[in-house]
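show me the folded form of this:
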Amino acid sequence: MLTIAPHRRLFLQSSLAGMLGVSASGWFPKLAHAALHEASAGSSKPRQCILLWMSGGPSQIDTFDLKPGHANGGEFKEIQTDVPGLSFSEHLPRLSKHGRDLAIIRSLSTKEGDHERGTQLMKTGYPPMGMIDYPSMGAALASQLASDSVALPPYVSVSPVDFLGRNASGPGYLGPKYSPLMVSGMPGSGGDNPTFAQLKVDAIKPPERVTSDQLERRLSMWKMLQHDFATSHQGASVGAHQVVYENTLRLIHSKEADAFDLSKETDETRKKYGYGLFGQGCLLARRLVERGVRFVEVSLSSTNGGAFGWDTHADNFNAIKDLSRDLDNGWASLMDDLKERGLLESTTILWMGEFGRTPKINAQAGRDHFPRAWSCVFAGGGIKTGQVYGKTSEDGMDVVEQKTGVLDVLATLCQSVGVTPETKLMSSLGRPTPIVESSPIAELLR
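Below you'll find the predicted structure:
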């Protein structure tokens, strides 16, 4: 048996992966021990979170912290929101009607100006260093908010840009059962007859070449072999392996899997969100939180499916005008629909990237990396909205009021969804480790 076991283990993994089109990494286990966290005392709605991730580092001065009248201000004008005195970029007109639902932090200051290191820092709260592989906030919050009554995985990442922070969205020491379900994207076509970007999850259906009869026979064989192997090889890893696949099968046979099918929406609704990957990703995020997914990450990397849209070292203003159009349509439509469905109060939204961009415009009409003074935005449930928190100097170079660090932001995110930031997770070194070692920003919480 000792010489046969490794081959059998590989056979079990490869055969089921082949018949179902899934990997053995484990996206779908139900977390029977996880508690549902409440939006507030007396509320029965579970808390959920959507991270709108701006890969490449968005310019704060051209989005939410304009500097009109200053040489660093650039080409864009301000637009007033529905909150008196609150204004931001003219290229976010639909979002300006949601000012009362936003809390803009204009005083974020961090120390990582490299894409990969900055991404790791903002998504986990830790720079990439040392022996510990820290979990992303998506994985950490999913581990606390997940419910075994929900067929869908607790954490989904839509159209991610993995190579700018390869491990930043992962489960870290929490292990594969808290890995995000990755939704891949294919840009649509533009022009006079545009087509919608396509989002797809191969892992929720068998390959086309496998008939239902073949699938049933293969599953029967897998169950027999797996039972034999699990009986003779007791251990946590064997049990976890079996749970991963059993829950994958449950998802495949669940009606909830149609959440990923955007063709169920009308063309009018899809157009409202925008044709691009980000807009369609926001629509998918709405469908997922409707069905109980606890953490959804949607990335906006460019308007055409590339990776460096917000990394505007050159031609900053034309690029951000296009990116802002996609951001405005997707985010505003998401807010509209969540509010209409009574979900905005139980869903916290966080908009951010890995750093900001230099106030000073370079010789290529661009802005470079700048983590010293920049912005992020909260919206939705658990947040005291309709306000600006913090302030930068007139030239945008420095924070002059309410300086805010990444841990402050992440602790606020945790608290807004009902998870205490000091909640201990067991690290790979067997040491209880807080999700975030900081206190939330009291002024931003309800």
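
from residue 124, how far off is the closest residue to residue 376 other than its chain neighbours?
Counting by Cβ to Cβ, 6 or more residues apart in numbering, residue 352 is the residue found nearest to residue 376 once chain neighbours are left out, at 3.8 Å. C-beta coordinates here come from the backbone N, C-alpha and C atoms, glycine included. Distance, residue 352 to residue 124, using Cβ to Cβ, to the nearest Å: 13 Å.

who has more neighbours out of these two?
residue 124 (27 against 24; other Cβ atoms under 10 Å).

confidence score at the closest residue to residue 439 other than its chain neighbours?
On the basis of Cβ to Cβ, 6+ apart, the spatially nearest residue to residue 439 that is not a chain neighbour turns out to be residue 411, at 5.8 Å. The predicted local distance difference test score for residue 411 is 98.

regarding residue 411, what is its secondary structure?
Counting by DSSP: H, G, I helix; E, B strand; the rest coil, the backbone at residue 411 sits in helix.

which residues touch it?
With contact set as Cβ atoms under 8 Å, 6 or more residues apart in numbering, residue 411 has these partners: 421, 436, 438, 439, 440, 441.

the third one reaches residue 405, doesn't it?
Yes: with contact taken as Cβ atoms under 8 Å, residue 438 and residue 405 are classed as touching, separated by 7.3 Å.

neighbour count: those two, which is higher?
Between residue 438 and residue 405, counted using other Cβ under 10 Å, the more crowded position is residue 438 (19 against 16).

still on that earlier bit, from residue 422, how far off is the residue nearest to residue 439?
From residue 411 across to residue 422, the span is 9 Å (Cβ to Cβ).

list residues touching both of the two?
Common contacts of residue 411 and residue 422 (Cβ under 8 Å, 6+ apart): residue 436.

show me the strands in the stretch 201-350 of the chain, by range?
Counting by DSSP state E, counting those that start in this stretch, the stretch 201-350 of the chain forms strands over residues 295-299, 347-352, given from the N-terminal end onward.

which of the ones you listed is buried the deepest?
Comparing these by mean neighbour count (mean count of other Cβ atoms under 10 Å), strand 295-299 comes out on top with a mean of 28.

domain ranges for the protein, per the record?
1-30+211-260, 36-190+275-444 (automatic domain parsing).

okay, the ones you listed, which one's buried deepest?
The stretch of the domains of the chain with the highest mean neighbour count (mean count of other Cβ under 10 Å) is domain 36-190+275-444, at a mean of 21.

centre of the chain to that domain, how far?
Here the centre of mass of C-alpha atoms in domain 36-190+275-444, compared against the chain's by Cα atoms, centre = their mean, to the nearest Å, lies 8 Å away.

how about the strands in the stretch 1-150 of the chain?
48-53, 78-80, 87-89, 102-108.

out of the ones you listed, which gets nearest to residue 392?
Among those, strand 102-108 comes nearest to residue 392, with 5.8 Å by Cβ to Cβ.

what angle do that closest one and strand 347-352 make?
Angle between the axes of strand 102-108 and strand 347-352 is 30 degrees (criterion: axes from the mean of the first three to the mean of the last three Cα atoms, to 10 degrees).

is the most centrally placed residue in the chain in a bridge, and if so with what?
Taking Cα atoms, centre = their mean as the criterion, residue 297 is the residue nearest the geometric centre of the chain, at 1.6 Å. Here residue 297 sits in beta bridges with residue 51, residue 157, going by DSSP bridges.

so where's the stretch 101-250 of the chain uncertain?
Per-residue confidence for the stretch 101-250 of the chain (pLDDT under 70) gives these ranges: 163-166, 202-207, 227, 233-250.

now the helices for it?
Shown for the stretch 101-250 of the chain, the helices assigned by DSSP state H, counting those that start in this stretch span residues 115-124, 137-145, 212-232, 236-252.

check the protein for its longest helix and report it.
What stands out as the longest helix in the chain, according to DSSP state H, is helix 316-340.

still on that earlier bit, among the strands of the stretch 1-150 of the chain, which is nearest residue 280?
Distances from residue 280 to each of the strands of the stretch 1-150 of the chain were compared using Cβ to Cβ; the minimum, 13.6 Å, belongs to strand 48-53.

check residue 256 and give its pLDDT.
The pLDDT attached to residue 256 in the predicted structure is 82.

just checking, it touches residue 151?
Yes: using Cβ under 8 Å, residue 256 is in contact with residue 151, at 4.3 Å.

overlap in contacts, the two.
Shared contacts of residue 256 and residue 151, counting by Cβ under 8 Å, 6+ apart, come down to residue 291.

so how far is residue 441 from residue 290?
Look at residue 290 and residue 441: by Cβ to Cβ, they are 29 Å apart.

now residue 193
Shown here: residue 193 relative to residue 441, a distance of 47 Å by Cβ to Cβ.

and if you look at residue 60?
Remark: distance between residue 60 and residue 441 (Cβ to Cβ) = 18 Å.

with residue 211 instead?
Distance check for residue 211 against residue 441: by Cβ to Cβ, it reads 56 Å.

what of residue 115?
Per Cβ to Cβ, residue 115 is found 26 Å from residue 441.

ditto for residue 181
When Cβ to Cβ is the yardstick, residue 181 and residue 441 sit 31 Å from each other.

residue 422 too?
For residue 422, the distance to residue 441 (Cβ to Cβ) stands at 15 Å.

one more: residue 150?
As it turns out, when the distance is counted by Cβ to Cβ, residue 150 lies 30 Å from residue 441.

with residue 168 instead?
Residue 168 sits 23 Å away from residue 441, taking Cβ to Cβ as the criterion.

returning to what we had before: farthest-apart pair in the contacts of residue 411, please.
Top of the distance list for these (Cβ to Cβ): 436 and 441, 12.0 Å.

where does the prediction get shaky in the stretch 251-400 of the chain?
Regions of the stretch 251-400 of the chain meeting the criterion pLDDT under 70 cover residues 251-254, 303-307.

list the contacts for the nearest residue in space to residue 301 that is not next to it in sequence?
Leaving out its chain neighbours, the residue that sits closest to residue 301 by Cβ to Cβ, 6+ apart is residue 55, at 4.1 Å. With contact taken as Cβ under 8 Å, 6+ apart, residue 55 is in contact with 119, 161, 164, 299, 300, 301, 307, 309, 310, 353, 354.

name the nearest of those relative to residue 338.
Within the contacts of residue 55, distances to residue 338 taken as Cβ to Cβ reach their minimum at residue 300, with 17.8 Å.

how close does that closest one get to residue 220?
44 Å.

now residue 134
Separation of residue 134 from residue 220 (Cβ to Cβ): 41 Å.
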